[in-house]
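J.: I'll drop the sequence and a predicted model, then ask my questions.
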Amino acid sequence: MPRLAIDGGTPVREDLLPYGRQWICDVDVDAVVKVLRSEWLTTGPNVAKFEDAFAKRVGANCAVAVNSGTAALHTAVFASGINPGDEVIVPVMTFAASANCVRYQGGTVVFADVRPDTLNLDPACVEAAITSHTRAIITVDYTGQPSDLDEINTIADRHNLIVIEDGCHALGATYRNRSVGCLADMTTFSLHPVKHITTGEGGIITTDSPDLAKLMRVFRNHGITSGHRQRESDRSWFYEMEHLGFNYRLTDFQCALGQSQLERLDSNLARRREIASRYRHAFDSIPEIAPLGELPDRQSAWHLYVIRLDLERLQVDRAKIYRALRAENIGVNVHYIPVPWHPYYLRLGYAKGQWPVAEAAYERLLTLPMFPTMQDKDINDVIAAVDKVVHAYRL
Ligand SMILES: *Cc1c(COP(=O)(O)O)cnc(C)c1O
């Protein structure tokens, strides 16, 4: 048996394979350069063009571009009318921004547990978390697999709640033959380089409601009710600040990059599906490794490929497996530390141990590399390294 790299053996590969990476082509560069040479660097004609193309792609009426996925979440929470005293239900198994956005508006985060198979928000836990102060539900499509939107929307309708879908993992995913982006009152996406399409930093919110879209456009521009270009064309200096907004605008050249990237979304998704299928097939014969459950009525966008380690069959814990795979030059990662475990939330009074499914899963999670420009050799390296490390630590 070959010696593990962590014990001084030869690593499976020479250079580190990251868990995610952007995909930039010459057409993207040309699109950005063209805007850099034009009149408008920030809010110009490419913002609306990108928003329209994005809305069309996900089957929503409107899209509002902002300068990060986090800004998208904040903007959606603002548009939901969340104020101090209001409660918003958020899954524990997500990135901190899914909960932080509630705090930005002074709302209270009520963390809910997830389903053991998909690690997506469990509708039964949502139901149990509702009080007379609940105003909204933020559901996250963990790893790219859509959460239980029909059940969540039904609960929301019954209690008159707004549903925000954090679709940052799920651009291009489908749920019961409909695209993520038109399943909730508002859906947020991130355009960070590890996500499906990138603008460097960036985010976008989709909605079917023109009123919500209008309010979100005001919020991203300091809460001011007319834009600079509109005032120029109206030859008017007058404007009013209606709300305490932010500068969350996305630049025109970033929107040109986003448009160009969006055109490759389908081939991006196809490659991710191919990689997932190669992994799934390989791990069929490794009993210590369990991929997440895949539900038949929805198609994941495969932002992440997450495996669960069967620690009862291994001599070591997740930390050791993580370090061993890193030593083999496989850029594994962990998504996510349960959000209420972070010091900020512990200081607010949240205590560990209240979300048994997510907290038990966390100890076993490992994210493997997944990005569209991965070569077949890269996939083989990941599988070989997992096989090598698991074999060495098998009980
Ligand atoms: C990436 C991500 C965000 C934040 O997006 P940024 O563009 O980095 O601000 C929010 N929620 C989830 C689930 C994410 O994966």
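T.: Everything's here; your move. Residues are numbered from 1 along each chain as shown.

J.: Give the next helix or strand downstream of the longest strand anywhere in the chain.
T.: What stands out as the longest strand in the chain, according to DSSP state E, is strand 134-140. For strand 134-140, the succeeding helix or strand toward the C-terminus, using DSSP states H and E, is helix 149-159.

J.: for that following helix, packing partners?
T.: Secondary-structure packing of helix 149-159 (3 or more C-beta pairs under 8 Å, 6 or more residues apart in numbering; DSSP states H and E): helix 123-129, strand 134-140, strand 162-166. Just so you know, the C-beta spots here come from the backbone N, C-alpha and C atoms, and that holds for glycine as well.

J.: The closest residue to the ligand within the stretch 201-350 of the chain - nearest residue in space that isn't next to it in sequence?
T.: At 5.2 Å from the ligand, G203 is the closest residue in the stretch 201-350 of the chain, using C-beta to the nearest ligand atom. Leaving out its chain neighbours, the residue that sits closest to G203 by C-beta to C-beta, 6 or more residues apart in numbering is A72, at 3.4 Å.

J.: okay, now the domains of this protein?
T.: Domain ranges of the chain: 5-21+265-393, 26-262, per automatic domain parsing.

J.: Present those as TSV; the columns should include mean pLDDT.
T.: Converted to TSV, these look like this (pLDDT from 0 to 100):
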stretch	mean pLDDT
domain 5-21+265-393	98
domain 26-262	96
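
J.: ranges for the helices of this structure?
T.: 26-36, 45-58, 69-79, 97-104, 123-129, 149-159, 210-219, 228-234, 252-262, 265-283, 318-327, 343-347, 356-362, 376-393 (DSSP state H).

J.: And the third one, what's buried?
T.: In terms of neighbour count (16 or more other C-beta atoms under 10 Å), helix 69-79 has its buried residues at G69, T70, A71, A72, L73, H74, T75, A76, V77, F78, A79.

J.: Could I get the contacting residues of Y142?
T.: Y142 sits next to P91, M93, T94, V114, T118, L119, N120, H169 when contact means C-beta atoms under 8 Å, 6 or more residues apart in numbering.

J.: Quick check: the gap between it and H335.
T.: Going from Y142 to H335 by C-beta to C-beta, to the nearest Å gives 8 Å.

J.: repeat for F50
T.: F50 is 27 Å from H335, by C-beta to C-beta.

J.: got it, and A384?
T.: For A384, the distance to H335 - C-beta to C-beta - is 23 Å.

J.: so who does the residue of the stretch 1-150 of the chain found nearest the ligand touch?
T.: In the stretch 1-150 of the chain, the residue that lies nearest the ligand is G69 (2.4 Å; C-beta to the nearest ligand atom). By C-beta under 8 Å, 6+ apart, the contact set of G69 is A97, C168, T188, F189, S190, L191, H192, K195, G202, G203.

J.: now those as JSON lines including neighbour count?
T.: Shown next, in JSON lines, are those (neighbours: other C-beta atoms under 10 Å):
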{"residue": "A97", "neighbour count": "21"}
{"residue": "C168", "neighbour count": "28"}
{"residue": "T188", "neighbour count": "31"}
{"residue": "F189", "neighbour count": "28"}
{"residue": "S190", "neighbour count": "29"}
{"residue": "L191", "neighbour count": "31"}
{"residue": "H192", "neighbour count": "20"}
{"residue": "K195", "neighbour count": "22"}
{"residue": "G202", "neighbour count": "27"}
{"residue": "G203", "neighbour count": "29"}
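
J.: Adding distance to P291, write those out as a markdown table.
T.: Output for the contacts of G69, formatted as a markdown table (distance: C-beta to C-beta, whole Å):
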| residue | distance to P291 |
| --- | --- |
| A97 | 25 |
| C168 | 21 |
| T188 | 26 |
| F189 | 24 |
| S190 | 24 |
| L191 | 27 |
| H192 | 24 |
| K195 | 21 |
| G202 | 30 |
| G203 | 29 |
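
J.: Which residue is the nearest non-sequential neighbour of the most centrally placed residue in the chain?
T.: Relative to the mean C-alpha position of the chain, the nearest C-alpha, by C-alpha atoms, centre = their mean, is the one of C168, at 2.5 Å. In this structure, C168 finds its nearest non-sequential neighbour in S190, 4.1 Å apart by C-beta to C-beta, 6+ apart.

J.: beta partners of the one you found?
T.: G203 (DSSP bridges).

J.: Quick check: it touching G202?
T.: Yes. At 7.5 Å, S190 counts as touching G202 under the criterion of C-beta atoms under 8 Å.

J.: Spit out the residues that contact the two alike.
T.: Residues touching both S190 and G202 by C-beta under 8 Å, 6+ apart: S68, G69.

J.: For the stretch 251-395 of the chain, list the residues in contact with the ligand, please.
T.: Contact residues (C-beta under 6 Å from any ligand atom) of the stretch 251-395 of the chain with the ligand: there are none.

J.: Next up, the contacts around the residue nearest to the centre of the chain.
T.: G69, F95, V140, T188, F189, S190, K195, H303.

J.: For the residue of the chain positioned farthest from its centre, give me the backbone phi and psi.
T.: Computed with C-alpha atoms, centre = their mean, the residue of the chain farthest from its C-alpha average is R235, at 41.0 Å. Backbone torsions for R235, taken as degrees, to the nearest 10, come to phi 50, psi 50.

J.: And C25, by the same measure?
T.: Dihedral angles for C25 - degrees, to the nearest 10 - are phi -110, psi 170.
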